[in-house]
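Undergrad: Sequence unavailable; structure follows:
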(Lines give C-alpha, C1' and ligand atoms only; values in the text may rest on other atoms or scores of the structure.)
Protein backbone atom coordinates (compact mmCIF):
# COMPACT_ATOMS: atom_id res chain seq x y z
CA UNK A 1 0.00 0.00 0.00
CA UNK A 2 1.38 3.38 -1.00
CA UNK A 3 1.12 6.83 0.56
CA UNK A 4 -2.12 8.27 -0.82
CA UNK A 5 -0.73 11.78 -0.60
CA UNK A 6 2.40 11.15 -2.69
CA UNK A 7 1.12 8.50 -5.11
CA UNK A 8 0.29 9.55 -8.64
CA UNK A 9 -2.31 6.81 -8.81
CA UNK A 10 -5.97 7.73 -8.36
CA UNK A 11 -7.14 7.03 -4.82
CA UNK A 12 -9.77 4.30 -4.45
CA UNK A 13 -11.46 4.41 -1.02
CA UNK A 14 -13.11 1.01 -1.41
CA UNK A 15 -9.81 -0.63 -2.33
CA UNK A 16 -8.16 0.90 0.72
CA UNK A 17 -10.87 -0.58 2.96
CA UNK A 18 -10.71 -4.04 1.40
CA UNK A 19 -6.90 -3.99 1.61
CA UNK A 20 -7.17 -3.20 5.32
CA UNK A 21 -9.57 -6.10 5.80
CA UNK A 22 -7.18 -8.46 4.03
CA UNK A 23 -4.35 -7.19 6.23
CA UNK A 24 -6.39 -7.91 9.35
CA UNK A 25 -7.20 -11.44 8.16
CA UNK A 26 -3.59 -12.16 7.22
CA UNK A 27 -2.44 -11.17 10.71
CA UNK A 28 -4.52 -14.03 12.13
CA UNK A 29 -3.48 -16.69 9.61
CA UNK A 30 -2.63 -19.90 11.53
CA UNK A 31 0.39 -20.49 9.26
CA UNK A 32 1.74 -17.13 10.45
CA UNK A 33 0.85 -17.16 14.15
CA UNK A 34 0.98 -20.78 15.35
CA UNK A 35 4.63 -21.79 14.69
CA UNK A 36 5.98 -19.04 16.92
CA UNK A 37 3.90 -20.25 19.85
CA UNK A 38 4.93 -23.91 19.78
CA UNK A 39 7.97 -23.05 21.87
CA UNK A 40 5.56 -22.06 24.64
CA UNK A 41 4.85 -25.73 25.31
CA UNK A 42 6.64 -26.12 28.61
CA UNK A 43 9.39 -28.66 29.21
CA UNK A 44 7.16 -30.27 31.83
CA UNK A 45 4.41 -30.83 29.26
CA UNK A 46 6.85 -32.30 26.74
CA UNK A 47 8.45 -34.61 29.28
CA UNK A 48 7.75 -38.30 28.75
CA UNK A 49 9.30 -41.56 27.68
CA UNK A 50 9.59 -43.01 24.21
CA UNK A 51 6.13 -44.52 24.43
CA UNK A 52 4.42 -41.16 24.73
CA UNK A 53 1.39 -40.57 22.52
CA UNK A 54 0.80 -37.13 21.01
CA UNK A 55 -2.88 -36.68 20.19
CA UNK A 56 -4.11 -33.59 18.30
CA UNK A 57 -7.76 -32.59 18.64
CA UNK A 58 -9.60 -29.40 17.82
CA UNK A 59 -12.67 -27.55 16.70
CA UNK A 60 -13.43 -24.29 14.94
CA UNK A 61 -13.37 -22.56 11.59
CA UNK A 62 -9.57 -22.34 11.80
CA UNK A 63 -9.05 -25.84 13.23
CA UNK A 64 -7.99 -27.51 9.97
CA UNK A 65 -5.63 -24.67 9.06
CA UNK A 66 -4.16 -24.82 12.55
CA UNK A 67 -3.68 -28.59 12.24
CA UNK A 68 -1.97 -28.19 8.86
CA UNK A 69 0.31 -25.52 10.28
CA UNK A 70 1.16 -27.70 13.28
CA UNK A 71 2.05 -30.64 11.07
CA UNK A 72 4.35 -28.50 8.93
CA UNK A 73 6.61 -27.51 11.84
CA UNK A 74 6.15 -30.24 14.45
CA UNK A 75 9.35 -32.03 15.49
CA UNK A 76 8.07 -33.84 18.56
CA UNK A 77 7.42 -37.26 17.06
CA UNK A 78 4.44 -38.94 15.42
CA UNK A 79 1.06 -37.27 15.61
CA UNK A 80 -2.45 -38.66 15.41
CA UNK A 81 -5.79 -37.05 15.96
CA UNK A 82 -8.94 -35.41 14.66
CA UNK A 83 -10.18 -31.85 14.23
CA UNK A 84 -13.60 -30.63 13.14
CA UNK A 85 -14.15 -27.50 11.06
CA UNK A 86 -16.99 -25.86 9.18
CA UNK A 87 -18.07 -27.00 5.74
CA UNK A 88 -15.75 -25.45 3.16
CA UNK A 89 -12.98 -24.76 5.71
CA UNK A 90 -11.08 -28.07 5.45
CA UNK A 91 -7.39 -28.18 4.57
CA UNK A 92 -5.31 -31.27 3.73
CA UNK A 93 -3.42 -32.87 6.61
CA UNK A 94 -1.19 -35.97 6.53
CA UNK A 95 -1.50 -37.30 10.09
CA UNK A 96 -4.52 -35.50 11.52
CA UNK A 97 -8.00 -36.35 10.26
CA UNK A 98 -10.32 -33.47 9.35
CA UNK A 99 -14.12 -33.65 9.57
CA UNK A 100 -16.49 -30.91 8.38
CA UNK A 101 -19.70 -30.05 10.22
CA UNK A 102 -22.35 -27.32 10.36
CA UNK A 103 -22.19 -23.77 11.69
CA UNK A 104 -23.85 -21.87 13.36
CA UNK A 105 -26.35 -24.66 14.15
CA UNK A 106 -24.80 -28.11 14.80
CA UNK A 107 -25.60 -31.16 12.71
CA UNK A 108 -25.00 -34.90 13.00
CA UNK A 109 -21.36 -34.51 11.99
CA UNK A 110 -20.87 -32.15 14.94
CA UNK A 111 -22.08 -34.89 17.26
CA UNK A 112 -20.04 -37.62 15.56
CA UNK A 113 -16.85 -35.54 15.69
CA UNK A 114 -17.32 -34.71 19.36
CA UNK A 115 -17.83 -38.34 20.32
CA UNK A 116 -14.82 -39.47 18.28
CA UNK A 117 -12.65 -36.80 19.93
CA UNK A 118 -13.69 -38.06 23.36
CA UNK A 119 -12.83 -41.58 22.25
CA UNK A 120 -9.37 -40.44 21.10
CA UNK A 121 -8.42 -39.02 24.50
CA UNK A 122 -9.80 -41.92 26.53
CA UNK A 123 -7.31 -44.17 28.33
CA UNK A 124 -4.31 -41.84 27.97
CA UNK A 125 -1.69 -41.81 30.71
CA UNK A 126 0.37 -39.14 32.44
CA UNK A 127 3.18 -39.40 29.87
CA UNK A 128 0.91 -38.63 26.92
CA UNK A 129 0.32 -35.17 25.44
CA UNK A 130 -2.91 -33.77 24.00
CA UNK A 131 -2.69 -30.68 21.80
CA UNK A 132 -6.05 -28.97 21.38
CA UNK A 133 -6.58 -26.43 18.57
CA UNK A 134 -9.57 -24.14 19.12
CA UNK A 135 -11.09 -21.21 17.25
CA UNK A 136 -14.39 -19.46 16.73
CA UNK A 137 -17.21 -21.69 15.58
CA UNK A 138 -16.11 -24.54 17.81
CA UNK A 139 -19.25 -24.35 19.92
CA UNK A 140 -21.44 -25.48 17.02
CA UNK A 141 -18.91 -27.80 15.44
CA UNK A 142 -18.19 -29.73 18.64
CA UNK A 143 -21.69 -30.63 19.82
CA UNK A 144 -22.28 -33.69 21.97
CA UNK A 145 -25.61 -33.49 23.83
CA UNK A 146 -25.62 -34.20 27.55
CA UNK A 147 -27.26 -37.45 28.72
CA UNK A 148 -30.99 -37.52 28.00
CA UNK A 149 -30.83 -34.56 25.59
CA UNK A 150 -31.09 -34.98 21.83
CA UNK A 151 -29.30 -33.18 19.04
CA UNK A 152 -32.71 -31.84 17.99
CA UNK A 153 -33.08 -30.27 21.46
CA UNK A 154 -29.76 -28.48 21.07
CA UNK A 155 -30.52 -27.38 17.52
CA UNK A 156 -33.88 -25.87 18.51
CA UNK A 157 -32.42 -23.95 21.45
CA UNK A 158 -29.40 -22.81 19.45
CA UNK A 159 -31.54 -21.44 16.62
CA UNK A 160 -33.80 -19.60 19.05
CA UNK A 161 -30.88 -18.04 20.95
CA UNK A 162 -29.21 -16.87 17.73
CA UNK A 163 -32.39 -14.98 16.77
CA UNK A 164 -33.09 -13.66 20.26
CA UNK A 165 -30.40 -10.99 20.50
CA UNK A 166 -28.54 -12.85 23.25
CA UNK A 167 -24.80 -12.14 23.28
CA UNK A 168 -22.15 -14.82 22.76
CA UNK A 169 -21.42 -15.11 26.49
CA UNK A 170 -25.06 -15.91 27.20
CA UNK A 171 -25.38 -18.32 24.28
CA UNK A 172 -22.24 -20.20 25.28
CA UNK A 173 -23.34 -20.42 28.91
CA UNK A 174 -26.40 -22.36 27.77
CA UNK A 175 -24.43 -24.45 25.28
CA UNK A 176 -21.94 -25.54 27.95
CA UNK A 177 -24.60 -26.76 30.34
CA UNK A 178 -26.33 -28.81 27.65
CA UNK A 179 -23.09 -30.47 26.53
CA UNK A 180 -21.11 -33.58 27.36
CA UNK A 181 -17.86 -32.03 26.07
CA UNK A 182 -17.91 -28.25 26.52
CA UNK A 183 -17.30 -26.15 29.63
CA UNK A 184 -14.20 -28.05 30.79
CA UNK A 185 -15.57 -31.55 30.24
CA UNK A 186 -13.08 -32.28 27.45
CA UNK A 187 -10.20 -31.35 29.77
CA UNK A 188 -11.52 -33.77 32.35
CA UNK A 189 -11.67 -36.49 29.70
CA UNK A 190 -8.01 -35.88 28.74
CA UNK A 191 -6.69 -36.38 32.28
CA UNK A 192 -4.24 -37.61 33.40
CA UNK A 193 -2.53 -36.75 30.09
CA UNK A 194 -0.84 -33.38 29.72
CA UNK A 195 -2.95 -30.88 27.80
CA UNK A 196 -1.89 -27.83 25.74
CA UNK A 197 -4.55 -25.68 24.11
CA UNK A 198 -3.79 -23.15 21.37
CA UNK A 199 -6.67 -20.82 20.54
CA UNK A 200 -7.49 -18.18 17.98
CA UNK A 201 -9.86 -15.93 19.86
CA UNK A 202 -13.11 -14.60 18.40
CA UNK A 203 -14.55 -13.50 21.73
CA UNK A 204 -14.55 -10.34 23.78
CA UNK A 205 -14.31 -9.66 27.47
CA UNK A 206 -12.22 -8.21 30.27
CA UNK A 207 -9.41 -10.71 29.64
CA UNK A 208 -6.99 -9.68 26.86
CA UNK A 209 -7.81 -11.82 23.84
CA UNK A 210 -11.11 -12.86 25.36
CA UNK A 211 -12.03 -15.24 28.15
CA UNK A 212 -10.72 -18.77 27.40
CA UNK A 213 -13.92 -20.13 28.97
CA UNK A 214 -15.89 -18.56 26.10
CA UNK A 215 -13.71 -19.49 23.10
CA UNK A 216 -15.51 -22.48 21.51
CA UNK A 217 -17.44 -22.70 24.82
CA UNK A 218 -14.26 -23.51 26.75
CA UNK A 219 -13.99 -27.30 26.40
CA UNK A 220 -10.51 -27.41 27.99
CA UNK A 221 -10.83 -24.84 30.79
CA UNK A 222 -12.83 -24.54 33.99
CA UNK A 223 -16.23 -22.92 33.61
CA UNK A 224 -17.28 -20.12 35.99
CA UNK A 225 -20.91 -20.06 34.83
CA UNK A 226 -23.66 -22.12 36.44
CA UNK A 227 -26.69 -24.15 35.41
CA UNK A 228 -28.87 -21.61 37.24
CA UNK A 229 -27.49 -18.90 34.97
CA UNK A 230 -28.26 -21.06 31.92
CA UNK A 231 -31.86 -21.46 33.06
CA UNK A 232 -32.12 -17.72 33.71
CA UNK A 233 -30.86 -16.93 30.18
CA UNK A 234 -33.42 -19.25 28.61
CA UNK A 235 -36.11 -17.57 30.68
CA UNK A 236 -34.84 -14.06 29.87
CA UNK A 237 -35.20 -14.63 26.12
CA UNK A 238 -38.34 -16.75 26.40
CA UNK A 239 -36.67 -19.78 24.84
CA UNK A 240 -38.85 -22.88 24.84
CA UNK A 241 -37.23 -26.07 26.12
CA UNK A 242 -38.22 -29.71 26.19
CA UNK A 243 -38.98 -31.53 29.43
CA UNK A 244 -35.68 -33.38 29.04
CA UNK A 245 -33.70 -30.12 28.84
CA UNK A 246 -35.49 -28.64 31.84
CA UNK A 247 -34.97 -31.81 33.86
CA UNK A 248 -31.27 -31.92 32.99
CA UNK A 249 -30.63 -28.27 33.87
CA UNK A 250 -32.53 -28.69 37.13
CA UNK A 251 -30.15 -31.43 38.29
CA UNK A 252 -26.65 -31.13 39.73
CA UNK A 253 -25.13 -33.37 37.04
CA UNK A 254 -25.56 -30.54 34.52
CA UNK A 255 -23.07 -28.38 36.43
CA UNK A 256 -19.80 -27.84 34.59
CA UNK A 257 -16.33 -28.43 36.12
CA UNK A 258 -15.04 -25.52 38.19
CA UNK A 259 -11.42 -26.74 38.02
CA UNK A 260 -9.38 -28.85 35.60
CA UNK A 261 -6.03 -30.66 35.69
CA UNK A 262 -2.96 -28.73 36.79
CA UNK A 263 -1.15 -30.36 33.86
CA UNK A 264 -3.00 -28.12 31.43
CA UNK A 265 -1.93 -24.91 29.68
CA UNK A 266 -3.85 -22.49 27.48
CA UNK A 267 -2.35 -20.07 24.96
CA UNK A 268 -4.23 -17.50 22.86
CA UNK A 269 -2.24 -17.10 19.63
CA UNK A 270 -4.32 -14.55 17.68
CA UNK A 271 -6.83 -11.89 18.67
CA UNK A 272 -8.95 -9.16 17.14
CA UNK A 273 -6.68 -6.57 18.73
CA UNK A 274 -3.63 -7.93 16.91
CA UNK A 275 -5.47 -7.83 13.58
CA UNK A 276 -6.67 -4.27 14.19
CA UNK A 277 -3.13 -3.20 15.09
CA UNK A 278 -1.88 -4.65 11.79
CA UNK A 279 -4.57 -2.69 9.93
CA UNK A 280 -3.71 0.49 11.87
CA UNK A 281 -0.07 0.21 10.78
CA UNK A 282 -1.22 0.05 7.16
CA UNK A 283 -3.43 3.10 7.68
CA UNK A 284 -0.44 5.04 8.98
CA UNK A 285 1.75 3.82 6.13
CA UNK A 286 -0.56 5.47 3.60
CA UNK A 287 -0.38 8.73 5.52
CA UNK A 288 -3.71 8.65 7.34
CA UNK A 289 -4.63 8.77 11.02
CA UNK A 290 -5.97 5.58 12.61
CA UNK A 291 -8.55 5.94 15.38
CA UNK A 292 -8.77 2.63 17.29
CA UNK A 293 -12.04 2.01 19.11
CA UNK A 294 -11.05 -1.46 20.33
CA UNK A 295 -11.52 -5.05 19.31
CA UNK A 296 -14.26 -5.86 21.81
CA UNK A 297 -17.27 -3.75 20.84
CA UNK A 298 -20.58 -5.49 21.48
CA UNK A 299 -24.28 -4.64 21.64
CA UNK A 300 -26.98 -4.38 18.99
CA UNK A 301 -25.68 -3.82 15.46
CA UNK A 302 -28.19 -0.99 15.00
CA UNK A 303 -27.08 0.84 18.14
CA UNK A 304 -23.39 0.56 17.27
CA UNK A 305 -24.13 1.90 13.79
CA UNK A 306 -25.87 4.94 15.30
CA UNK A 307 -22.93 5.64 17.57
CA UNK A 308 -20.45 5.33 14.72
CA UNK A 309 -22.52 7.59 12.46
CA UNK A 310 -22.51 10.25 15.18
CA UNK A 311 -18.74 9.87 15.61
CA UNK A 312 -18.19 10.19 11.85
CA UNK A 313 -20.20 13.41 11.70
CA UNK A 314 -18.31 14.82 14.68
CA UNK A 315 -14.98 14.18 12.97
CA UNK A 316 -16.06 15.57 9.60
CA UNK A 317 -17.89 18.63 10.90
CA UNK A 318 -15.96 19.49 14.07
CA UNK A 319 -12.61 17.73 13.79
CA UNK A 320 -13.26 15.88 17.05
CA UNK A 321 -11.82 13.66 18.46
CA UNK A 322 -9.43 13.57 15.45
CA UNK A 323 -9.27 15.42 12.17
CA UNK A 324 -10.15 13.92 8.80
CA UNK A 325 -8.88 12.27 6.70
CA UNK A 326 -8.70 9.28 8.98
CA UNK A 327 -9.83 5.67 9.42
CA UNK A 328 -11.91 4.48 12.37
CA UNK A 329 -11.12 0.84 13.23
CA UNK A 330 -13.06 -1.51 15.49
CA UNK A 331 -13.75 -5.18 16.11
CA UNK A 332 -15.92 -7.35 18.32
CA UNK A 333 -19.21 -9.15 17.93
CA UNK A 334 -22.54 -7.37 17.79
CA UNK A 335 -25.96 -8.97 18.06
CA UNK A 336 -29.09 -8.81 15.93
CA UNK A 337 -32.58 -9.42 17.19
CA UNK A 338 -34.12 -11.14 14.18
CA UNK A 339 -37.77 -10.32 13.57
CA UNK A 340 -37.93 -10.63 9.78
CA UNK A 341 -37.40 -13.37 7.23
CA UNK A 342 -34.67 -11.78 5.13
CA UNK A 343 -31.03 -12.71 4.65
CA UNK A 344 -28.05 -11.13 6.33
CA UNK A 345 -25.54 -11.18 9.15
CA UNK A 346 -24.21 -8.89 11.86
CA UNK A 347 -21.97 -6.94 9.50
CA UNK A 348 -24.41 -6.16 6.72
CA UNK A 349 -27.03 -5.37 9.38
CA UNK A 350 -24.58 -2.88 10.90
CA UNK A 351 -23.87 -1.30 7.52
CA UNK A 352 -27.54 -1.09 6.58
CA UNK A 353 -28.24 0.80 9.81
CA UNK A 354 -25.20 2.99 9.17
CA UNK A 355 -26.54 3.80 5.70
CA UNK A 356 -29.91 4.72 7.18
CA UNK A 357 -28.25 7.04 9.69
CA UNK A 358 -25.91 8.74 7.20
CA UNK A 359 -28.32 8.95 4.22
CA UNK A 360 -25.52 9.55 1.73
CA UNK A 361 -23.32 11.73 3.95
CA UNK A 362 -20.41 12.85 1.79
CA UNK A 363 -16.94 11.74 2.79
CA UNK A 364 -17.93 8.53 4.60
CA UNK A 365 -16.87 5.11 3.33
CA UNK A 366 -17.22 1.96 5.43
CA UNK A 367 -16.53 -1.75 5.42
CA UNK A 368 -17.79 -4.33 7.89
CA UNK A 369 -16.90 -8.00 7.48
CA UNK A 370 -16.31 -11.15 9.48
CA UNK A 371 -12.69 -12.30 9.44
CA UNK A 372 -13.81 -15.91 8.90
CA UNK A 373 -15.21 -14.91 5.51
CA UNK A 374 -18.82 -15.71 6.44
CA UNK A 375 -21.26 -13.08 7.70
CA UNK A 376 -24.02 -15.02 9.44
CA UNK A 377 -24.91 -17.94 7.21
CA UNK A 378 -24.42 -16.18 3.87
CA UNK A 379 -21.71 -16.60 1.24
CA UNK A 380 -20.26 -13.15 1.91
CA UNK A 381 -17.87 -11.83 4.53
CA UNK A 382 -19.71 -8.50 4.73
CA UNK A 383 -20.13 -5.44 2.55
CA UNK A 384 -18.89 -1.93 1.77
CA UNK A 385 -20.73 1.37 1.94
CA UNK A 386 -19.92 4.59 0.08
CA UNK A 387 -21.48 8.06 -0.16
CA UNK A 388 -23.23 7.15 -3.42
CA UNK A 389 -24.82 3.99 -1.98
CA UNK A 390 -27.89 5.95 -0.85
CA UNK A 391 -28.54 7.44 -4.30
CA UNK A 392 -27.88 4.18 -6.12
CA UNK A 393 -30.29 2.38 -3.80
CA UNK A 394 -33.02 4.91 -4.56
CA UNK A 395 -32.43 4.50 -8.28
CA UNK A 396 -32.92 0.75 -7.81
CA UNK A 397 -36.10 1.36 -5.76
CA UNK A 398 -34.56 -0.29 -2.71
CA UNK A 399 -36.57 0.53 0.42
CA UNK A 400 -34.13 0.67 3.33
CA UNK A 401 -36.88 0.71 5.96
CA UNK A 402 -38.42 -2.47 4.57
CA UNK A 403 -34.97 -4.08 4.39
CA UNK A 404 -34.30 -3.19 8.02
CA UNK A 405 -37.69 -4.45 9.21
CA UNK A 406 -37.21 -7.72 7.36
CA UNK A 407 -33.54 -8.16 8.38
CA UNK A 408 -32.75 -8.32 4.66
CA UNK A 409 -29.40 -6.54 4.56
CA UNK A 410 -27.83 -9.15 2.26
CA UNK A 411 -30.32 -8.48 -0.56
CA UNK A 412 -29.83 -4.72 -0.20
CA UNK A 413 -26.06 -4.83 -0.67
CA UNK A 414 -26.27 -7.61 -3.23
CA UNK A 415 -28.47 -5.38 -5.40
CA UNK A 416 -25.88 -2.59 -5.06
CA UNK A 417 -23.05 -4.94 -6.00
CA UNK A 418 -21.33 -4.07 -2.73
CA UNK A 419 -21.03 -7.43 -0.99
CA UNK A 420 -17.52 -8.45 0.10
CA UNK A 421 -17.00 -12.09 -0.91
CA UNK A 422 -13.76 -13.81 0.11
CA UNK A 423 -14.76 -17.41 0.72
CA UNK A 424 -13.64 -19.14 3.94
CA UNK A 425 -10.46 -17.54 5.30
CA UNK A 426 -9.68 -20.44 7.68
CA UNK A 427 -9.22 -18.10 10.62
CA UNK A 428 -11.59 -16.19 12.90
CA UNK A 429 -10.91 -13.19 15.12
CA UNK A 430 -14.45 -11.92 14.80
CA UNK A 431 -15.75 -8.86 12.99
CA UNK A 432 -13.66 -6.13 11.39
CA UNK A 433 -15.03 -2.63 10.81
CA UNK A 434 -13.29 0.27 9.11
CA UNK A 435 -14.77 3.71 8.39
CA UNK A 436 -12.77 6.00 6.10
CA UNK A 437 -13.55 9.67 6.55
CA UNK A 438 -12.30 11.70 3.61
CA UNK A 439 -13.77 15.16 3.00
CA UNK A 440 -15.15 15.47 -0.52
CA UNK A 441 -12.91 18.35 -1.52
CA UNK A 442 -9.80 16.30 -0.64
CA UNK A 443 -10.55 13.51 -3.12
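TA: Received, thanks. Note that the structure is a prediction, hence the values are computed from the model and not measured.
Undergrad: Residue 344 reaches residue 408, doesn't it?
TA: Yes: counting by C-beta atoms under 8 Å, residue 344 touches residue 408, with 6.2 Å between them. In short, each C-beta sits where N, CA and C put it, glycine included.
Undergrad: Next one: residue 240 from residue 102, what distance?
TA: Look at residue 240 and residue 102: by C-beta to C-beta, to the nearest Å, they are 21 Å apart.
Undergrad: Correction: the previous question concerned residue 361.
TA: 39 Å.
Undergrad: that older thread, quick check on residue 344 and residue 408: which one has the bigger neighbour count.
TA: Ranked by neighbour count (other C-beta atoms under 10 Å), residue 344 and residue 408 place residue 344 first, with 31 against 22.
Undergrad: Pretty sure the more buried one sits in a helix.
TA: No: with DSSP: H, G, I helix; E, B strand; the rest coil as the criterion, residue 344 is coil rather than part of a helix.
Undergrad: Please report how far it lies from residue 259.
TA: Here residue 344 is placed at a distance of 41 Å from residue 259 (C-beta to C-beta).
Undergrad: do residue 386 as well
TA: From residue 386 to residue 259 the distance is 52 Å (C-beta to C-beta).
Undergrad: more crowded one of these two?
TA: Between residue 386 and residue 259, counted using other C-beta under 10 Å, the more crowded position is residue 386 (19 against 11).
Undergrad: mean confidence for the longest helix anywhere in the chain?
TA: Ordering each helix of the chain by length in residues (DSSP state H) puts helix 301-318 first. Averaging pLDDT along helix 301-318 yields 97.
Undergrad: what's the distance between it and the middle of its chain?
TA: Helix 301-318 sits 24 Å away from the centroid of its parent chain (C-alpha atoms, centre = their mean, to the nearest Å).
Undergrad: Can you give me the buried ones in that helix?
TA: 301-302, 304-305, 308-309, 311-313, 315-316 (16 or more other C-beta atoms under 10 Å).
Undergrad: Quickly name whichever of those residues is closest to residue 249.
TA: Nearest to residue 249 among those is residue 301, at 29.7 Å by C-beta to C-beta.
Undergrad: Check the gap between that closest one and residue 213 for me.
TA: 25 Å.
Undergrad: got it, and residue 273?
TA: Distance of residue 273 to residue 213, computed by C-beta to C-beta: 19 Å.
Undergrad: Out of these two, name the residue with the larger neighbour count.
TA: Under the neighbour definition other C-beta under 10 Å, residue 273 and residue 213 were set side by side, and residue 213 has more, 27 against 18.
Undergrad: was I right about that one contacting residue 222?
TA: Yes: in this structure, residue 213 is within contact of residue 222 by C-beta under 8 Å, at 7.0 Å.
Undergrad: For the helix or strand containing residue 55, name the packing helices and strands.
TA: Take DSSP states H and E as the rule and residue 55 turns out to sit in strand 54-59. In terms of contacts (3 or more C-beta pairs under 8 Å, 6 or more residues apart in numbering; DSSP states H and E), strand 54-59 is packed against helix 63-73, strand 80-86, helix 108-121, strand 129-135, helix 138-141.
Undergrad: Of these, give the one that comes closest to residue 253.
TA: The closest of the helices and strands packed on strand 54-59 to residue 253 is helix 108-121. By C-beta to C-beta, the value is 16.8 Å.
Undergrad: Contacts for that closest one, please.
TA: Helix 108-121 has contacts (C-beta atoms under 8 Å, 6 or more residues apart in numbering) with 55, 57, 59, 80-82, 84, 99-102, 130, 140-145, 151, 180-181, 186, 189-190, 193.
Undergrad: So for residue 231, what's the nearest residue that isn't a sequence neighbour?
TA: residue 249 (5.2 Å; C-beta to C-beta, 6 or more residues apart in numbering).
Undergrad: ok, the one you found - contacts?
TA: Applying C-beta under 8 Å, 6+ apart, the residues near residue 249 are 177-178, 227, 230-231, 234, 241.
Undergrad: mind listing the helices for the stretch 151-300 of the chain?
TA: For the stretch 151-300 of the chain, the helices defined by DSSP state H, counting those that start in this stretch cover 151-164, 168-177, 185-190, 227-236, 243-249, 272-285.
Undergrad: The ones you listed into CSV, with extra columns for distance to residue 255 and mean pLDDT?
TA: Output for the helices of the stretch 151-300 of the chain, formatted as CSV (distance: least, C-beta to C-beta, whole Å; pLDDT from 0 to 100):
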stretch, distance to residue 255, mean pLDDT
helix 151-164, 18, 96
helix 168-177, 8, 95
helix 185-190, 11, 97
helix 227-236, 5, 98
helix 243-249, 10, 97
helix 272-285, 31, 96
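Undergrad: distance between the ends of stretch 259-278?
TA: The straight-line separation of the ends of stretch 259-278 (C-alpha to C-alpha, to the nearest Å) is 36 Å.
Undergrad: Just the buried residues of that stretch, please?
TA: Residues 260-261, 263-266, 268-278 are the ones in stretch 259-278 that count as buried (16+ other C-beta under 10 Å).
Undergrad: repeat for stretch 216-236
TA: Under the neighbour-count criterion of 16+ other C-beta under 10 Å, stretch 216-236 has 216-223, 225, 227, 230-231, 233-234 buried.
Undergrad: which among the residues you listed gets closest to residue 400?
TA: Within the buried residues of stretch 216-236, proximity to residue 400 (C-beta to C-beta) peaks at residue 233, which comes in at 32.5 Å.
Undergrad: gap between the residue nearest to the closest one when sequence neighbours are not counted and residue 227?
TA: Nearest residue to residue 233, sequence neighbours excluded (C-beta to C-beta, 6+ apart): residue 170, at 4.8 Å. According to C-beta to C-beta, residue 170 stands 14 Å off from residue 227.
Undergrad: cool, residue 277 as well?
TA: Separation of residue 277 from residue 227 (C-beta to C-beta): 38 Å.
Undergrad: what sits against the nearest residue to residue 237 once chain neighbours are set aside?
TA: Closest residue to residue 237 apart from its sequence neighbours, by C-beta to C-beta, 6+ apart: residue 164 at 4.0 Å. Residues near residue 164 by C-beta under 8 Å, 6+ apart: 237-239, 337.
Undergrad: how far away is residue 164 from residue 123?
TA: In terms of C-beta to C-beta, residue 164 sits 41 Å off from residue 123.
Undergrad: And residue 183, by the same measure?
TA: According to C-beta to C-beta, residue 183 stands 22 Å off from residue 123.
Undergrad: With neighbour numbers in mind, choose between these two.
TA: Neighbour comparison, residue 183 and residue 123: the larger count goes to residue 183, with 31 against 9 (by other C-beta under 10 Å).
Undergrad: and that one, what is it in contact with?
TA: Contacts for residue 183 were tallied using C-beta under 8 Å, 6+ apart; they are 176-177, 213, 217-219, 223, 225, 256-257.
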